[in-house]
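Asks: Structure for this input, please:
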Amino acid sequence: PNRNDIELYGSLTPAKAVGGDLYDFFINDEKLFFCIGDVSGKGVPASLVMAVSRTLFRNVSTHTVEPSHIVKTMNAAISEGNDNNMFVTLFVGILDLKTGRLRYCNAGHDAPYINKSLLPCEPNLPVGVLPGMSFCEQETMMETGSTIFLYTDGLTEAMNAKRELFGEQRITDIISAFTGSTQELIETMAAAVHEFVG
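Replies: Alright, predicted model coming up:
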């Protein structure tokens, strides 16, 4: 609310009482650090890994501006002693608010949309699968007025009574036709998926 150069809105609706999805963001030195993730499994074990992941993201991000380094460090920490073989699909981005340069690293997560197109993402493994992994970093430019839409597979895999999935095409159709604020986009998407699921 104290800035007029960026507009953020997020919503988290767990499938059960306790979920394993996460998102976080903060601004430091005119850079927007953000992440979204989905822990394998449900319930309390997933929520504990989620809480650890969010804490790791905050701690590691204060020492680097390289998304690949953030993801690599998080992978090392989560892989260590991972007896339950849980993993986290994760997307980490760092947006330079002065230049529009977006550096990002995708660890097995659903690719976000920038404006009306899917952002090209290298298929890195999720975090926690193998220790010692390297993660590919990518970058793009975001023009003034651009929108980035991030989501988890809870959206694409929402199922109706006929066991049909909401799917990527419905997301694409909504984003393609949409003109409005970030909050209105999230609310429109949520309404569409609730109507689909019934």
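Asks: Specify the local secondary structure of the residue nearest the centre of the chain.
Replies: Within the chain, one residue has its C-alpha closest to the average C-alpha position: by C-alpha atoms, centre = their mean, that is residue 36, at 2.5 Å. The three-state label given to residue 36 by DSSP: H, G, I helix; E, B strand; the rest coil is strand.
Asks: Then residue 71?
Replies: The local conformation at residue 71, judged by three-state DSSP, is helix.
Asks: For it, list the residues it contacts.
Replies: Contacts for residue 71 were tallied using C-beta atoms under 8 Å, 6 or more residues apart in numbering; they are 90, 92, 105, 107, 124, 127, 135. C-beta: built from backbone N, CA, C; applies to glycine.
Asks: Closest one of the residues you listed to residue 58?
Replies: Closest approach between these and residue 58, by C-beta to C-beta: residue 92, at 11.8 Å.
Asks: doesn't the closest one fall inside a strand?
Replies: Yes: checked against three-state DSSP, residue 92 lies within a strand.
Asks: quick one: contacts for it?
Replies: With contacts taken as C-beta under 8 Å, 6+ apart, residue 92 has the following neighbours: 33-35, 57, 67, 70-71, 104-105, 107.
Asks: ok, so of the residues you listed, who is nearest residue 9?
Replies: Each of those was checked against residue 9 using C-beta to C-beta; the closest is residue 34, at 12.3 Å.
Asks: Now do the phi/psi pair for the spatially most distant residue from the centre of the chain.
Replies: Relative to the mean C-alpha coordinate of the chain, counting by C-alpha atoms, centre = their mean, the farthest residue is residue 162 (28.2 Å). With angles defined as degrees, to the nearest 10, residue 162 shows backbone torsions of phi -90, psi 10.
Asks: what's near enough to touch it?
Replies: With contacts taken as C-beta under 8 Å, 6+ apart, residue 162 has no neighbouring residues.
Asks: Would you quantify the distance from it to residue 173?
Replies: Here the distance between residue 162 and residue 173 works out to 19 Å (C-beta to C-beta, to the nearest Å).
Asks: Return the distance of the longest helix seen in the chain from the chain's centre.
Replies: Across the chain, the longest stretch assigned as helix under DSSP state H is helix 43-61. Distance of helix 43-61 from the chain centroid (C-alpha atoms, centre = their mean, to the nearest Å) equals 13 Å.
Asks: Name the residues of it that come out as buried.
Replies: Neighbour-count burial for helix 43-61, counted by 16 or more other C-beta atoms under 10 Å, picks out 46-47, 49-50, 52-53, 56-57, 60-61.
Asks: before we move on, what about stretch 125-138?
Replies: By neighbour count, and taking 16+ other C-beta under 10 Å as the criterion, the buried residues in stretch 125-138 are 126-129, 133, 135, 137-138.
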